[in-house]
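1. Return a 3D structure for these sequence lines:
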Amino acid sequence: MKHIAIIMGGYSSEYEISLKSGNVVYQKLDKSKYKAYRIHIFKNKWVYVNDHNEEFPVNRHNFSIDVNDSTITFDCVFNAIHGAPGEDGYMQAYLELLGIPHTSCPMYQAALTFNKRDCLSVLKPYGIKTAKSYYLNKGDNIDVSSIINTVGLPCFVKANKAGSSFGITKVYKVEDIPNALEVAFAEDNEVLIESFLDGTEVSVGVITYQGEVTVLPITEIVSNNDFFDYNAKYLGESQEITPARIPEHLAEKVNVTAKKVYEILQLKGFSRSEYIFKDNEPHLLEINTVPGLTEASILPQQAQAAGITLSDLFSNAIEESLRGFDKA
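-> Numbering: from 1, shown residues only. Okay, the predicted model is just below:
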């Protein structure tokens, strides 16, 4: 039986969502094939948490744990950390240095996709459409008129490296830009300001399933709020409709684009990318390489619509990572 470490938690504002995702993986993982261990990764501690909520420290030298006088090492790490250090490349690099297979994309791809500005810049030469954008780093001179001339109003001010809509503000008035920048800079020292795209928003899951790059049924996002913010994502203040209510030709366009993005970036494992249709063309907003995995999360909803159970989805992620590791 294979020993699987499910890493969850993390160093970012998303840690609570990550703990929920990790616990769903723990509950749904096929117990006949895998012995799963919940590993909490926090800045002040890395610990294995058993079913009685007892904690055992992780040996970071080789990513092992000592339980009842025996040392346990892991055949594979199931990555359920949203944000740092699980989605930005750090855990991937660490595990790759130790030679331990993991379920997420490789280190470089994780770092690239987590950096919205860099990722969009890499994809633009391939014809992937995006919103107009303006970049700022902490300490830069802020020229509000230049921002407005580039992206117009309304616009979105976003923390460049943050997830779950932390650090995002939709700005309607020029005088609200400084406050929006303050909110974004509280999450990250780099900011991305984008033009507002008025159109249908969809979320597209792309995974490697049974050796094939597979596009899952599309989800349409209808937020009750001004945009798909934290409350819309996690507190039920949105409708997530799978399959999306869009014409077949638009579904085909965004499917082709999402698969192309996955292959251009040489992603592995799970991915979920967000698009808005403008002039009947999908415009990429961002890519998540460790998307939410709770039963209410979008990717599991899409898998279910494709006839893939959570148990199969999670087992496949492990088997794919082991297969990929054998070839490496």
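2. rest of the way, CA atoms for contacts and neighbours
-> Will do.
3. For Ile207, grab phi and psi.
-> With angles defined as degrees, to the nearest 10, Ile207 sits at phi -140, psi 160.
4. when you give positions from now on, start the count at 31
-> New numbering, starting at 31: the last item is Ile237.
5. tally of neighbours for it?
-> Ile237 has 26 neighbours, counted by other C-alpha atoms under 10 Å.
6. ditto for the one 3 residues further on
-> Gln240 has 12 neighbours, counted by other C-alpha under 10 Å.
7. ok, now which ones touch it?
-> Each residue near Gln240 by C-alpha atoms under 8 Å, 6 or more residues apart in numbering is listed here: Asn346, Glu350.
8. From His33, how far out is it?
-> To His33, Gln240 is 21 Å away according to C-alpha to C-alpha, to the nearest Å.
9. Also His70?
-> From His70 over to His33 (counting by C-alpha to C-alpha), the distance is 16 Å.
10. Looking at those two, which one has more neighbours?
-> Legend: neighbour count by other C-alpha under 10 Å for His70 and His33, higher for His70 (25 against 16).
11. hang on, the more buried one in a strand?
-> Yes - under DSSP: H, G, I helix; E, B strand; the rest coil, His70 sits within a strand.
12. so where's this protein uncertain?
-> For the chain, residues meeting the criterion pLDDT under 70 lie at 193-195, 254-267, 356-358.
13. Enumerate every residue touching the most centrally placed residue in it.
-> By C-alpha atoms, centre = their mean, the chain has its centre lying nearest to Asn318, at 2.6 Å. Going by C-alpha under 8 Å, 6+ apart, Asn318 touches Thr143, Phe144, Ser301, Arg302, Ser303.
14. so can I have CSV of these showing neighbour count and secondary structure?
-> Compiled in CSV, those are given as follows (neighbours: other C-alpha atoms under 10 Å; DSSP: H, G, I helix; E, B strand; the rest coil):
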residue, neighbour count, secondary structure
Thr143, 24, helix
Phe144, 25, helix
Ser301, 22, strand
Arg302, 22, strand
Ser303, 19, strand
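15. tell me which of those residues is nearest to Ala347?
-> Closest to Ala347 out of the contacts of Asn318 is Ser301 (11.6 Å), distances taken as C-alpha to C-alpha.
16. That closest one reaches Ile317, doesn't it?
-> Yes - using C-alpha atoms under 8 Å, Ser301 is in contact with Ile317, at 6.8 Å.
17. Could I get the full set of helices for the chain?
-> Under the criterion DSSP state H, the chain contains helices at 45-58, 120-128, 137-144, 146-153, 174-181, 207-215, 260-264, 278-294, 328-335, 340-357.
18. Let's have these in a markdown table, adding distance to Phe104.
-> Shown next, in a markdown table, are the helices of the chain (distance: least, C-alpha to C-alpha, whole Å):
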| stretch | distance to Phe104 |
| --- | --- |
| helix 45-58 | 15 |
| helix 120-128 | 11 |
| helix 137-144 | 19 |
| helix 146-153 | 32 |
| helix 174-181 | 48 |
| helix 207-215 | 38 |
| helix 260-264 | 32 |
| helix 278-294 | 28 |
| helix 328-335 | 25 |
| helix 340-357 | 12 |
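19. out of these, nearest to Asn190?
-> Per C-alpha to C-alpha, nearest to Asn190 of the helices of the chain: helix 146-153, 5.6 Å.
20. got the contact list for the closest one?
-> With C-alpha under 8 Å, 6+ apart as the test, helix 146-153 has contacts from Leu142, Thr143, Thr160, Tyr165, Asn190, Lys191, Leu222, Val291, Ile294, Leu314, Glu316, Ile317.
21. ok, now which ones touch the nearest residue to Ala347 once chain neighbours are set aside?
-> Nearest residue to Ala347, sequence neighbours excluded (C-alpha to C-alpha, 6 or more residues apart in numbering): Thr133, at 5.7 Å. Applying C-alpha under 8 Å, 6+ apart, one finds that Thr133 lies in contact with Cys106, Val107, Phe108, Asn109, Lys298, Gly299, Ala347, Ile348, Glu350, Ser351.
22. Could you identify which of the residues you listed has the most neighbours?
-> Counting neighbours by other C-alpha under 10 Å, Asn109 comes out on top of these with 28 neighbours.
23. and the nearest residue to that residue once chain neighbours are set aside, what are its bridge partners?
-> Closest residue to Asn109 apart from its sequence neighbours, by C-alpha to C-alpha, 6+ apart: Ile37 at 5.3 Å. Ile37 forms beta bridges with Ile69, Asn109, as assigned by DSSP bridges.
24. Pull up the gap between Thr287 and Ile36, please.
-> 31 Å.
25. And the two? Which one has more around it.
-> Set Thr287 next to Ile36 and count neighbours by other C-alpha under 10 Å: Ile36 wins out with 25 against 21.
26. gap between that one and Asn53?
-> 9 Å.
27. Same check on Pro115?
-> Taking C-alpha to C-alpha as the measure, Pro115 falls 18 Å from Asn53.
28. How about Ala216?
-> Computed as C-alpha to C-alpha, the Ala216 to Asn53 distance reads 29 Å.
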